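In: Sequence isn't available, so here's the structure alone:
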Ligand code: S3P
């Protein structure tokens, strides 16, 4: 059943919050913890639906994963060659990361497996990982010549390869690095701009032989990975909703504690600061090879800017909420080089253009981005999330600042990446 929520405008957002753990790092902690020898202890794991799909997939391949409380795990690693053939299809749910990374990881196993997903994931392009993996010798079949899931993977022996990816995609890069673990020799991936580098950092943390260089990364196959303690920071992509909400709602001040600020993910901070947003990074640390800080947000008058190039992959999941900031900024914001937004959980260019327009914003869709002209205030109305978690939460941020309430259709999808979103929002909302 589709869940509707009506969001009332607020007068300010004030207080101190902690957002749940990073989704990308949580996926990788299960994958590498399972392939390592010995025990991996994970703190700050995100128990969103996407990560639970990954967890269940590894349980289905014989990995013992003990859940301790809400956010801690103990994974008994089975070593690089210890996974067992799953006796059923693996359901990746809505999670592109689960499906693409596992396609790489499963390609070099000695068994057969099938990956499927929900109606949204079964529409997303998979050739971007299937194509280069097949060049390495992988045997993968899928609908539309391997472009669409379900994907059937017959594990086989893989050859060393160098792949120049036409897109800056961490999922493509990571799929090939995980396949590269099973290669006798080196696997190199180059990308046009640096995409998030959590795989590189965590592979090194677990002891893999990996070298990064300007424009790419090389991994040497058949390492012995060692179980490790992993402390996962708060997800900057979840913090982003509160950053933008705090900036555009007058009289707000929010302290967001323990947020991951890895430079390959922190484009949202650079973009909001360039728009005039007051964001301060406090108490910077570096546990488990990932930088972390508290972020102090104070409401600010934002101005429109031009966004493109290397900033785009560094903020790729934040464009829905950036478009809300732009709709409330003075002047025009232009987003270019962001064609990838068309193949996310939904077409995020089309979705934000149609939904923000319903709230009175002036938005023009481009093939690879958007042109948004700011207005003083958005109006109330009825919108839909298109079943996409980040569209849903971005529309909530817009609704907090509209003249009258906004009803959002299909809001249960926030569970994909941000369990507890609604309750956390309640703790900081000020109503006049
Ligand atoms: C992710 C990579 C990005 C991002 C996604 C998570 C990852 O996708 O949009 O939410 O964990 O590797 P692409 O690799 O398709 O850019």
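Out: Sure, I can see it. What you are looking at is a predicted structure, and each value in this text was computed from that prediction instead of being measured. Residues are numbered from 1 along each chain as shown.
In: Residue 239: what's it in contact with?
Out: Contacts for residue 239 (CB atoms under 8 Å, 6 or more residues apart in numbering) come out as 19, 256, 259, 295. Quick note: C-beta positions are derived from backbone N, CA and C, even for glycine.
In: so the second one touches residue 233, yeah?
Out: To tie it back to what came earlier, the one meant is residue 256. No. If you go by CB atoms under 8 Å, residue 256 and residue 233 don't touch, sitting 11.2 Å apart.
In: remind me which residues of the stretch 151-300 of the chain are low pLDDT?
Out: The model of the stretch 151-300 of the chain has no residue with pLDDT under 70.
In: can you do 90?
Out: 287-289 (pLDDT under 90).
In: Might you enumerate the residues of it proximal to the ligand?
Out: By the criterion of CB under 6 Å from any ligand atom, the positions of the stretch 151-300 of the chain lying close to the ligand are 169, 170, 171, 174, 195, 196.
In: The same query, at a cut-off of 8 Å, please.
Out: 167-174, 195-196, 198-199, 237 (CB under 8 Å from any ligand atom).
In: Next: the stretch 301-432 of the chain.
Out: So the stretch 301-432 of the chain meets the ligand at 313, 316, 317, 340, 343, 344 (CB under 8 Å from any ligand atom).
In: Could you look up the next helix or strand downstream of the strand or helix carrying residue 73?
Out: Using DSSP states H and E, residue 73 maps to strand 72-78. Under the assignment DSSP H and E, the closest C-terminal helix or strand after strand 72-78 is strand 90-91.
In: Partner strands of that following strand and their direction?
Out: Using DSSP bridges, the strands paired with strand 90-91 are strand 112-116 (parallel).
In: Identify the residues contacting the partner strand?
Out: Residues outside strand 112-116 that contact it (CB under 8 Å, 6+ apart) are 85-86, 89-92, 99, 102-103, 106, 122, 149-155.
In: Centre of the chain to the very next helix or strand once past that strand, how far?
Out: Next along the chain after strand 112-116, taking DSSP H and E as the criterion, comes helix 127-135. A distance of 21 Å separates the C-alpha centroid of helix 127-135 from that of its chain, computed with CA atoms, centre = their mean, to the nearest Å.
In: Then stretch 310-330?
Out: Worked out by CA atoms, centre = their mean, stretch 310-330 lies 14 Å from the chain centre.
In: so the residue in the stretch 1-150 of the chain that the ligand sits nearest to is in which element?
Out: Nearest residue of the stretch 1-150 of the chain to the ligand: residue 24, at 3.2 Å (CB to the nearest ligand atom). In this structure, residue 24 sits in helix 23-35 according to DSSP H and E.
In: Check residue 333 too.
Out: Using DSSP H and E, the element containing residue 333 is strand 332-335.
In: and the next helix-or-strand element following that strand, what does it pack onto?
Out: Later in the chain than strand 332-335, the nearest helix or strand by DSSP H and E is helix 348-358. Judged by 3 or more CB pairs under 8 Å, 6 or more residues apart in numbering; DSSP states H and E, helix 348-358 is in contact with helix 319-327, strand 362-366, strand 369-373, strand 381-384, helix 389-400.
In: Check what contacts helix 348-358 and list those residues.
Out: So helix 348-358 is in contact with 319-320, 323-324, 327, 338, 341-342, 363-366, 369-370, 372, 378, 381-384, 386, 388, 390-391, 394-395, 398, going by CB under 8 Å, 6+ apart.
In: I would like a PyMOL command selecting only the buried ones among the residues you listed, please.
Out: Buried subset of these, written as a PyMOL selection, criterion 16 or more other CB atoms under 10 Å:
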select buried, resi 319+320+323+324+327+338+341+363+365+369+370+372+378+381+383+384+386+388+390+391+394+395+398
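In: partner residues bridging residue 260?
Out: Following DSSP bridges, residue 260 is listed with bridge partners residue 292.
In: pretty sure it contacts residue 235?
Out: Yes. At 6.7 Å, residue 260 counts as touching residue 235 under the criterion of CB under 8 Å.
In: Overlap of the contact sets of these two?
Out: Counting by CB under 8 Å, 6+ apart, the contacts common to residue 260 and residue 235 are residue 22.
In: and which of the contacts of residue 239 is nearest to residue 180?
Out: residue 259 (30.4 Å; CB to CB).
In: Pull the contacting residues for that closest one.
Out: 19, 233, 234, 235, 236, 239, 292, 293, 294, 295.
In: ditto for residue 248
Out: 299, 302, 324, 325, 328, 397, 401.
In: and if you look at residue 6?
Out: Listed by CB under 8 Å, 6+ apart, the contact set of residue 6 reads 405, 406, 407, 408.
In: cool, and residue 340?
Out: Per CB under 8 Å, 6+ apart, neighbours of residue 340: 167, 168, 169, 312, 313, 316.
In: what about the last one, which SS state?
Out: What that stands for is residue 316. helix (DSSP: H, G, I helix; E, B strand; the rest coil).
In: how about the nearest residue to it, chain neighbours excluded?
Out: Excluding its sequence neighbours, the residue lying closest to residue 316 (CB to CB, 6 or more residues apart in numbering) is residue 340, at 6.3 Å.
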